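K.L.:
Structure for the following, please:
(one chain, ligands or ions: 1)
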Amino acid sequence: MSAPQQTIHVGGEWRSAVSGATREIIDPVDADVFAVVSEGGVTDTDDAVAAARAAFDEGTWPRTPVAGRAALLRRVAALLERDRERIGALESRDAGKTLEEGRVDVDCVRDAFVYFADLVMNESGGRVVDAGSDEIHSVVVHEPVGVCALITPWNYPLLQASWKIAPALAAGNTFVVKPSEITPLTTVALIGLLMEAGLPQGVANIVTGAGDTVGARLAEHPDVDLVSFTGGLASGTKVARAAAETVKKVALELGGKNPNVVFADACATDEGFDTAVDQALNAAFIHSGQVCSAGSRLIVEEPLRERFVAELARRAGKIRLGRGTDPGVECGPLVSAQQLAKTEDFVASALAEGAVLRAGGERPDGPGYFYRPTVLDRCDRRMRVVREEVFGPVLTVETFRTEDEAVTLANDTEYGLAGAVWTADAGRARRVAGRLRHGTVWINDFHPYLPQAEWGGFGKSGIGRELGPTGLAEYREAKHIYQNLAPRPVRWFAG
Ligand code: NAD
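P.N.:
Sure, this is the predicted structure:
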């Protein structure tokens, strides 16, 4: 086992927790401890917020010209490029994903830094408002919010952190990030790169530790101006409640129960059929289904069901599980024993409620938190497995007979993060996409996102958006500056 690392970064210094507490980081492939990190608490959190507050109120970063901020973001992107293999491998081990997925995550993180650098550089820097008089100069400017608390989950640790850190920095904020206690290592590494790139001390702070201590303190802290949270519905609700006490800005990126709607016309040719099956497999099982936008609900037109599900189950049964760095491995384990137990429980409840098992439904022999990709046929929306987010490799199958029924089923979720429609009919594609109540709708595709396009959800999938111009706006306050160039008395009061 490795020696404990100092993973708390406050005011430019790496340190251990004030309490001296540590936490073991588990490799989900074999359940062995492979790193030990600092377990921060409330005092560490208060110190980090104080450092971020001072850096915002008195430091140079919020007043650094936009070209300087954009240049720093580009230097971070270059360092990510340099360290792609190291950080990609660390992400693969920490989160239990394949090495290639880890590398792709680093590329996406780099792209987010480049995107937000370009975005701020290309802005006009304020909007002149016509106040109806040559004697008035009126302009709306956008300023940084202040101290941002950034709380992130374990499934895409570095990516989720970067979707917050890059726009927060581009806008001129300071921050304290709290990564998931299960997967903190790549966020710790990113803070190192930010400092190497020349970010002033105190701008970027990290406290590794638990949600109900560090996370809860950040959400309620009176010196935090904004909390941006990505994670589950239960924790997100607590964060929003705690943040309400101090009326801080709140952004929530929560879960999803994402429909993948397949019309029979998309599969009229062998090529179309193969593509739709292949992408349904990818939608549901990449990263063992531990993806907020996982296409975990297959909603397929009835005449196609048996052929589609048979092929899907055949291919799901062939997915090669293992350590993400081993050649030929296509899928890693679940992230923790808890996530594995939750998945098993969902499958058991689905079978008890009448679902038909077509693939998987069990753990393979051996160590680690592996679970076989599972296809559950004959599901319906009354089942818990169809309504709640499993966050594991479990795909449910429902069927429809009409376009209206397909839309009704796809929208029948308290979430609204993402969804897809597969059809060869362009008119139908546009009609259905227009009616889906989800933050992202894919037509004849699944999972791609663009840094230029907003990401986030309707309903209980959250509040606000990441990425795109809105993802930057989250980290800003609008200020209207109204200047009277020829002031005179108004004489509202006669006396
Ligand atoms: P989680 O809610 O358990 O934890 C997320 C983060 O919140 C962690 O850092 C955790 O320590 C912290 N936390 C927990 N309780 C807290 C509290 N009371 N106050 C403040 N912070 C607290 O989620 P998870 O299990 O790490 O991640 C999986 C969830 O994240 C899934 O629901 C998934 O859909 C969601 N997710 C959403 C998106 C998106 O873009 N919408 C992206 C990735 C993951």
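
K.L.:
mind listing the helices in the stretch 201-350 of the chain by residue range?
P.N.:
Under the criterion DSSP state H, counting those that start in this stretch, helices of the stretch 201-350 of the chain are mapped to 216-220, 233-244, 270-285, 305-316, 337-352.

K.L.:
Any idea which of those gets closest to the ligand?
P.N.:
Among the helices of the stretch 201-350 of the chain, the nearest to the ligand by C-beta to the nearest ligand atom is helix 233-244 (3.2 Å). Where you see a C-beta, it was placed from the backbone N, CA and C, and this is true even at glycine.

K.L.:
mind listing what's buried in the closest one?
P.N.:
Residues 233, 235, 236, 238, 239, 240, 242, 243 are the ones in helix 233-244 that count as buried (16 or more other C-beta atoms under 10 Å).

K.L.:
my guess is the last one meets residue 250, correct?
P.N.:
Yep, that's residue 243 we're talking about. Yes. Using C-beta atoms under 8 Å, residue 243 is in contact with residue 250, at 4.8 Å.

K.L.:
Mind listing the shared neighbours of the two?
P.N.:
Here residue 243 and residue 250 share the contacting residues residue 227, scored by C-beta atoms under 8 Å, 6 or more residues apart in numbering.

K.L.:
so for stretch 345-353, what's the average pLDDT?
P.N.:
Computed over stretch 345-353, the mean pLDDT rounds to 98.

K.L.:
So which bits of it are buried?
P.N.:
For stretch 345-353, burial by neighbour count (16+ other C-beta under 10 Å) applies to 346, 347, 350.

K.L.:
My guess is residue 359 contacts residue 372. True?
P.N.:
Yes. Between residue 359 and residue 372 there is a contact under C-beta under 8 Å: 7.4 Å.

K.L.:
what about the two, which has more around it?
P.N.:
The neighbour comparison of residue 359 against residue 372 (other C-beta atoms under 10 Å) goes to residue 359, with 22 against 18.

K.L.:
show me the contacts for the more buried one.
P.N.:
Per C-beta under 8 Å, 6+ apart, neighbours of residue 359: 312, 313, 314, 316, 317, 372, 373, 374, 375.

K.L.:
Return the members of the residues you listed classed as buried.
P.N.:
Buried residues within the contacts of residue 359, counting neighbours by 16+ other C-beta under 10 Å: 312, 313, 316, 372, 373, 374, 375.

K.L.:
and the closest residue to residue 197 other than its chain neighbours, how many residues sit next to it?
P.N.:
For residue 197, ignoring the flanking residues on the chain, the nearest one in space by C-beta to C-beta, 6 or more residues apart in numbering is residue 75 at 4.0 Å. Residues near residue 75, counting by other C-beta under 10 Å, number 18.

K.L.:
is it true that residue 75 lies in a helix?
P.N.:
Yes. Assignment of residue 75 by DSSP: H, G, I helix; E, B strand; the rest coil places it within a helix.

K.L.:
Do I have it right that residue 283 meets residue 299?
P.N.:
No. Judged on C-beta under 8 Å, residue 283 makes no contact with residue 299 at a distance of 11.8 Å.

K.L.:
Touching, residue 141 and residue 476? I think so.
P.N.:
No. Using C-beta under 8 Å, residue 141 is not in contact with residue 476; the gap is 9.3 Å.

K.L.:
returning to that earlier point: now do the shared contacts for residue 359 and residue 372.
P.N.:
residue 317.

K.L.:
tell me the contacts of residue 205?
P.N.:
9, 10, 11, 48, 49, 51, 52, 174, 175, 176, 177, 191.

K.L.:
and the protein, which of its residues are near the ligand?
P.N.:
Residues of the chain lying close to the ligand (C-beta under 6 Å from any ligand atom) are 151-156, 160, 178, 180-181, 210-212, 215-216, 219, 230-232, 235, 238-239, 253-256, 292, 389, 391, 417, 457, 461-462.

K.L.:
Just the buried ones from those, in PyMOL syntax?
P.N.:
Burial among the residues of the chain next to the ligand is assessed by 16+ other C-beta under 10 Å; the matching PyMOL selection reads:
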select buried, resi 151+152+153+154+155+156+160+178+180+181+210+211+215+216+219+230+231+235+238+239+253+254+255+256+292+389+391+417+457+461+462
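
K.L.:
So which of the residues of the chain next to the ligand are in strands?
P.N.:
Those of the residues of the chain next to the ligand mapping onto strands are 151, 178, 230, 253, 462, per DSSP state E.
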